[in-house]
Structure formats: C-alpha cells, structure tokens
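Colleague: please work out how this folds:
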Amino acid sequence: MKLEILAPCGNRESLIAAVRCGADAVYLGTKDFNARRHADNFDTEALREAVRYCHERNVKVYITLNTLVSDGELPRAYTAAEACMKAGCDAFIVQDLGLAKMLHECFPTARLHASTQCAVNTPDGFRELAARGFCRAVLPREMSLEEIKEIRRSTDMELEMFVHGALCMCVSGQCYLSAMLGGRSGNRGLCAQPCRLAFSADGSGSHDLSLKDLSLLSHLEEIESAGVLSLKIEGRMKRPEYVAAAVTACRKALQGNYQPNDEAILQNVFSRSGFTDGYFTGRRREMFGIRRKEDVVAADSVLKELARLYDKETPRVPLAMQMICRQNKPLTLTATANGKTVTAVGPLPEQALHKPLTAASLQERLAKLGGTPYYADKLQIDLEEGLIAPASAINALRREVTEQLGDSLPAPFEQHPYSLPTATVRRGAPYFTARFATAAQIPSDHPFRRIFLPPWEADSAFTAFGAGVEIPRGLFGMEDALRERLTTLRSLGVTAALCGNLGAYRTATALGFTAYGDFGLNLFNSESASHFRSPILSLELTAEQAGRLHAKDVGLVAYGKLPLMLTRNCPVKNRVGCTACGKNGTLTDRKGYRFPVKCSPYPCVEILNPVPLVLSDRLAEIHTDFLHFYFTDETAEQVAEVIRLYQQQGKPERKYTRGMYFRGVK
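Modeller: Got it, this is the predicted structure:
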C-alpha cells in the first residue's frame, strides 16, 4: 500500500501549502476539543470548505478531537462531531476513551484513529484499541524501530507515526507539568511548554527537559518495511512555509531524492539545535537541544523561497474527458476524476466555412486546465468533419465539468442520538487505597483496603502484605518480561493489578488478575470511567467534577508527590550520568524548586512534583468513593504521620499543593 504523507494544518494557508506540495492527507482541528487550541483552526463553514477543497484534490481530512472531554462537554462534542460528519471528514483522531465510545456508538461509520495521547506502547495496548473500535493508531514518538516491528506483528490496525517535528520530553498523554505549574493542560490542548525552560540536573541552569526536533526522513525505507502506513508531520502551530518545506522534503524522501540541502532548508525553517532520530535508533544520549538565536534567524533566509512552493495550484488529479461534436447534436463533454463522472451540454455546432475543428485543436483547448487541480490524462474526441464551435463554448464546457467535479456531496452516514448517563450515584464516606514505592514504607496496621507495590519488589513483600501489583505505565518493548513477572506473582496468590495503561489492563485481565484503573488512563468523564473497575480518575478533574461522575466506585489521588512527567529519556542520566545520580536525581527549575527524578528497571523514569498533594483538611469537599495515596520517597514514619493526618482531617504543616482539584485546568 502507498505510504501516506499526513500534514498539519492550523489554518487555511497551511492547508493550501500542504495540498499543493503533495500531502495525501491533512489533519486539522475545529474550534473546540483539539490539542492545539491556540492554532487558528476551522469553524463549521471553514471546515466544509476545507473538506471540499481537499476531496476535490483527492486528499483526505482527519479531524483532531484529541483532548480530554468532561461530562458537561460531551453533548457539545457530539454536535462538533456531527458537523464534521456532515462536512464529509474522513476520520477522527481521538484521545479520550469516553469520547471514542460515544463516537463509535453514535456514528458507527466514522473511522477512529487513536491519538498518540492514548499513551499505548505495547502489543496488548494496540489490541485493546482495536477492540474499542479504532482502525488506526498513532505510534508513540518514543518507540524504536524494533519496537514498531513488534507492534506491527501484533495487530492488523493501520499504523501512523511522526516522522518530523517537535518532540515532547514526556510520553504523550502522561504530562501534567504545564497543568500543575500554570493550569494549562496539554491533555486539554493548552500546553504552555514549561519544559522548554531551564530544568537542570546539575544546577547549571541547563535545559534538561528540552529535546531537539525529530526528523526521520532519511529512515523512510526502514519505516515502510516496518509496516507503517502513514507518515505524520507535526506542526499545527507552525507557519505555512514550514508545512510546505516538510511535505516537500517528505515527498522527495519517498522518491529517493532527499538531499543534504533539503535537510538544511528544513533545519533553517524550524529546529531546536538541529534534529534527532534518537528514539527510532535507540541512541538517546544526543537528543537534547533548545531554540537558539541562530535557529530563529536562519528562517529569514528560506521563507520567500518556500512560499513559492505553494503559490500556484498543483495539478495532481488525472482527468479523463470525452468530447462529442456531431452535426445536429449539442456539444457534449463528459469528464471523470476521483471516481466521479459528470457531463456538460453546450450549443449545437455549425458547418465550418473556413477552418473546421480538428481532434488536435479540441484536445488543445480541453487540456487548458490551469488554475484547477486537474491535468488531462485521457482525451477522447468523437468529431464529425466540417463542423465548428466557438472557443468560448468549449472553454465553458471545460469549466463546467471541473466545477461539477468539485461540488461533490459528502457521503451519507449513520447517526444515533446521544444522551449522558443520568443514574444517581450514592456515595458514603470514602475508603482508602495506596501504592507504595517499597514494602519498607508499609505500616503493619495500615487502613488501606487495597495496597499496591511495583513488580520489581520481592515476592515475599507481596505475600506478607497481601499487596497487588502496580504495573508501570511505560512498558516499551517489555510486555513479555512483564507477562512473565505477572505470571509468577499470580502463582503466588497476587490477585489485584493497578493499571494506568490500556495495554496493562488487557494483559493483567487476560492473566486472571482483577484489574483496576489508575490515573494514567486519564479518565475524565462518566463514559470512560464506567469502563474500568474502581478507577482512579484523571489528576486534572476538579473535585466537583469527580464527585458528579455517573460511574461506580471511583477514586482520586488524595496524597502524594504527583508524577508530572513520564519520560523515556532520563534527563539526569544525560546530564550527570547514573553513577553520580545514585538513583537520587533531581531537576532544579529557575525558581529553585527541586523535582525528584525516579528511575526503575522498566524503560521510563518519573519526574515528581517537589511538594506533595495534601487534602487532609478538605476531605468534606471530596465526594468520591475512595481516596488513593501515592507514596514515593516517604519513610515509614512519614507514611504513618500522613495516615494520622488524614484520619484526624488535620491541616498540613509542611509545604503542600492542592493539585488541580479546586482550581481546575484550562
């Protein structure tokens, strides 16, 4: 199957640049529910025109409904999806599992593409996406070539991957840094990119959370052989010249014509200290970079040249035409393109007095398709000798058929109404659950109904405390190792698994565990929460929103140093090395706050908030079924102190945060 070039479009000009430079598909957002809410985006009328423009040129349009959606927003999301279906969009890119459920049920013919924000990184995760109605998934940027091949072997889903553009330090969908520090959520489309500021592992003021931009255009042959279908370019917030440059370079790379000068132009138009392919190749030490002054200035030298790439219409659609010119019959022109056939009828031809029409002269006039997306592919002339017709009449027929071809109506679609769940959920006093970093933290007389330990803890710890297993969210390439460990734990009598990832949830369930949903699933509404057992809800909900969800046995993280980032590339290892770190690494921001960095035997590290979330004195305002405690680096004595504080509903004496439960996120 032909590889698809998928281009970003934040506005109309970027759309035109993408299409004229050779994109096979574009992705764009409406005014709501898309992960680039600061882009211009498209209102209903602009969307209809964008789809019409693209479809006339045989280009697909994917709509980004890829943010978390609250209960109060789901009806509006339904209306937005309905408008997109009426416009004729080709697919929806979705993060929120509840929104995906609604789309699948209410618009059964809609194609669903799983956003990279779904944070699925194992074979079982992709199988679970397929089971939930997704036909395509965007691979995590953090995957290596071998890991991509493993996914390809496990599923028949279409696979899409980013091949050029910005890299986030955090695994997509698992970043709460912007939301915590400034109330602007990446999961809600308003990331403020605080990671691009100074976060230093050695106190030098270095930028240890800022990665170079991704570019895999020299690896497209390997990517194709790995079974990827769609080559995605990041950049809905970037200018049209960037889109033109990236699409053109990608097209050249597919044709085997990608040269060093093409990469230089791409680097000039936008980069952060150059490009990286570190995740794809597994060489992750030289991936860090910032936007330097010379990077900004370099763009001036290429913008005018790049604008010329899309200043004129590019004929990209083959057009077959048949002209009938016979005595006593009106001129008739039939045209076929993109599987559609139209006909235009003109005046009667007349007997020629001097120069009659010839097949060659008719072909010449019909082939003048400048300013349209068509080029004359096949021309068939049925001409009776000795006739003549005005050039204006022939030109009018040509214009009429091209206009008719461009006026196609969206395909009909199946639609069902949507209504929110309305059953009243009665909740009593919340019970407590907890996860511990180590068994040494667990008090012998703890009050927790369920406790969880990481899988690398000793067998004896699980049996001694009757603990369940907390499955790491970042499992890149380690599903087999995890399955082996879970099989051992199951044989020891461990029955519960806390799962913050779709893949982990499926794996644990298949092995006979009672699987519980963790905060990493980003459960933001009743639809998504109701699909998991005793789920811990999104960290970004307000307490009021959480308490009003129509789902059974839901909980909130009520204590702990919240994990703000899940990263595959350790910033401390890159800056100072593992020996100097001693598993006690921190990042210091420009205000002097120190963020703990926690590693594990699994592929990712977690960057924690400097101070814990504490709700002990505001429990009367929390109306969930249970409260979850997230213990990280506390001693056993400190754990006991926290438990007493919550049992007495006392006010904290040390520095703390309320998280986002009372201020919400944008």
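Colleague: give me the three-state assignment for residue 307.
Modeller: helix (DSSP: H, G, I helix; E, B strand; the rest coil).
Colleague: sorry, wrong one. I was asking about residue 83.
Modeller: Here residue 83 is recorded as helix under three-state DSSP.
Colleague: that one and residue 92, how far apart?
Modeller: Per CB to CB, to the nearest Å, residue 83 is found 12 Å from residue 92. Heads up, the C-betas are built off the backbone N, CA and C, glycines and all.
Colleague: ok, residue 191 next?
Modeller: Distance of residue 191 to residue 92, given as CB to CB: 21 Å.
Colleague: please apply the same query to residue 67.
Modeller: 12 Å.
Colleague: next: residue 262.
Modeller: If you go by CB to CB, the gap between residue 262 and residue 92 works out to 32 Å.
Colleague: neighbour-wise, which of those two wins?
Modeller: A direct count of neighbours by other CB atoms under 10 Å for residue 262 and residue 92 places residue 92 higher, at 26 against 17.
Colleague: I'd assumed residue 61 was in contact with the more buried one.
Modeller: No - if you go by CB atoms under 8 Å, residue 92 and residue 61 don't touch, sitting 10.6 Å apart.
Colleague: the bottom helix or strand of the chain by mean pLDDT?
Modeller: Each helix and strand of the chain was given a mean pLDDT (mean pLDDT, DSSP states H and E); the minimum falls on helix 293-298 at a mean of 84.
Colleague: I figured residue 617 hits residue 646, correct?
Modeller: No - taking CB under 8 Å as the definition, residue 617 is not a contact partner of residue 646, at 9.4 Å.
Colleague: what ranges do the helices span in the stretch 551-666 of the chain?
Modeller: 571-575, 578-581, 636-648 (DSSP state H, counting those that start in this stretch).
Colleague: and residue 343, which of these is closest to it?
Modeller: Nearest to residue 343 among the helices of the stretch 551-666 of the chain is helix 571-575; the distance by CB to CB comes to 64.3 Å.
Colleague: tell me which of the helices of the stretch 551-666 of the chain sits most buried.
Modeller: For the helices of the stretch 551-666 of the chain, the largest average neighbour count (mean count of other CB atoms under 10 Å) is found in helix 571-575, namely a mean of 20.
Colleague: mind checking how far that helix is from the chain centre?
Modeller: Taking the mean of its C-alpha atoms, helix 571-575 sits 26 Å from the chain's own mean (CA atoms, centre = their mean, to the nearest Å).
Colleague: would you mark the buried spots in stretch 617-632?
Modeller: Residues 622, 623, 624, 625, 626, 627, 628, 629, 630, 631, 632 are the ones in stretch 617-632 that count as buried (16 or more other CB atoms under 10 Å).
Colleague: looking at those residues, which is nearest residue 556?
Modeller: residue 624 (5.1 Å).
Colleague: next, the contact list for that closest one, please.
Modeller: 427, 430, 537, 546, 547, 554, 555, 556 (CB atoms under 8 Å, 6 or more residues apart in numbering).
Colleague: need those residues in a markdown table (columns: distance to residue 274).
Modeller: Below are the contacts of residue 624 laid out as a markdown table (distance: CB to CB, whole Å):
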| residue | distance to residue 274 |
| --- | --- |
| 427 | 53 |
| 430 | 51 |
| 537 | 41 |
| 546 | 44 |
| 547 | 48 |
| 554 | 46 |
| 555 | 45 |
| 556 | 43 |
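Colleague: turn those into TSV, including pLDDT, distance to residue 8 and neighbour count.
Modeller: Listed next are the contacts of residue 624 as TSV, based on pLDDT from 0 to 100; distance: CB to CB, whole Å; neighbours: other CB atoms under 10 Å:
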residue	pLDDT	distance to residue 8	neighbour count
427	78	43	14
430	95	43	18
537	98	31	28
546	95	34	21
547	93	38	18
554	96	36	27
555	97	37	25
556	97	35	25
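Colleague: residue 135: which of those residues is nearest?
Modeller: Distances from residue 135 to the contacts of residue 624, taken by CB to CB, are shortest for residue 537, at 28.0 Å.
Colleague: list phi and psi for the closest one.
Modeller: Backbone geometry at residue 537, expressed as degrees, to the nearest 10, gives phi -80, psi 170.
Colleague: what sits against it?
Modeller: Each residue near residue 537 by CB under 8 Å, 6+ apart is listed here: 519, 523, 524, 529, 546, 549, 554, 555, 556, 624.
Colleague: now residue 323
Modeller: Going by CB under 8 Å, 6+ apart, residue 323 touches 331, 332, 333, 362, 366, 379, 380, 381, 382, 383, 394, 397.
Colleague: any idea which of the residues you listed has the most stuff around it?
Modeller: The most neighbours of any of these, using other CB under 10 Å, belong to residue 397, which has 25 neighbours.
Colleague: ok, for the residue lying farthest from the centre of the chain, nearest residue in space, not its chain neighbours?
Modeller: The centre of the chain is farthest from one residue, residue 353, which by CA atoms, centre = their mean lies 66.6 Å away. Leaving aside its sequence neighbours, residue 353 sits nearest to residue 388 (CB to CB, 6 or more residues apart in numbering; 7.9 Å).
Colleague: the one you found contacts residue 347, correct?
Modeller: No - counting by CB under 8 Å, residue 388 does not reach residue 347; the two are 11.3 Å apart.
Colleague: more neighbours: those two, which one.
Modeller: Each of residue 388 and residue 347 has its neighbours counted (other CB under 10 Å); residue 388 has more, 16 against 13.
Colleague: show me what contacts the more buried one?
Modeller: Counting by CB under 8 Å, 6+ apart, the residues that residue 388 touches are 349, 350, 351, 352, 353, 355, 356, 357.
Colleague: restricted to helices, list those.
Modeller: Members of the contacts of residue 388 lying in helices (criterion: DSSP state H): none.
Colleague: closest one of those residues to residue 152?
Modeller: Distance to residue 152 across the contacts of residue 388 (CB to CB) is lowest for residue 357, with 56.6 Å.
Colleague: which parts of stretch 130-138 are buried?
Modeller: Buried residues in stretch 130-138 (16+ other CB under 10 Å): 130, 132, 133, 134, 136, 137, 138.
Colleague: residue ranges with poor pLDDT in the stretch 401-550 of the chain?
Modeller: Applying pLDDT under 70 to the stretch 401-550 of the chain picks out residues 423-426.
Colleague: show me where it has its helices.
Modeller: Secondary structure of the stretch 401-550 of the chain by DSSP H, counting those that start in this stretch: the helices cover 459-465, 479-491, 502-510, 526-529, 543-547.
Colleague: now distance to residue 52 too, for those helices, in a markdown table please.
Modeller: Formatted as a markdown table, those follow (distance: least, CB to CB, whole Å):
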| stretch | distance to residue 52 |
| --- | --- |
| helix 459-465 | 60 |
| helix 479-491 | 44 |
| helix 502-510 | 36 |
| helix 526-529 | 32 |
| helix 543-547 | 38 |
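Colleague: tell me how far residue 437 lies from residue 121.
Modeller: Distance from residue 437 to residue 121, by CB to CB: 22 Å.
Colleague: compare neighbour counts for those two and give me the winner.
Modeller: Higher neighbour count among residue 437 and residue 121: residue 121, with 30 against 17, using other CB under 10 Å.
Colleague: redo the helices of the stretch 551-666 of the chain as a markdown table? Include distance to residue 208 and mean pLDDT.
Modeller: Shown next, in a markdown table, are these (distance: least, CB to CB, whole Å; pLDDT from 0 to 100):
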| stretch | distance to residue 208 | mean pLDDT |
| --- | --- | --- |
| helix 571-575 | 4 | 94 |
| helix 578-581 | 12 | 91 |
| helix 636-648 | 28 | 97 |
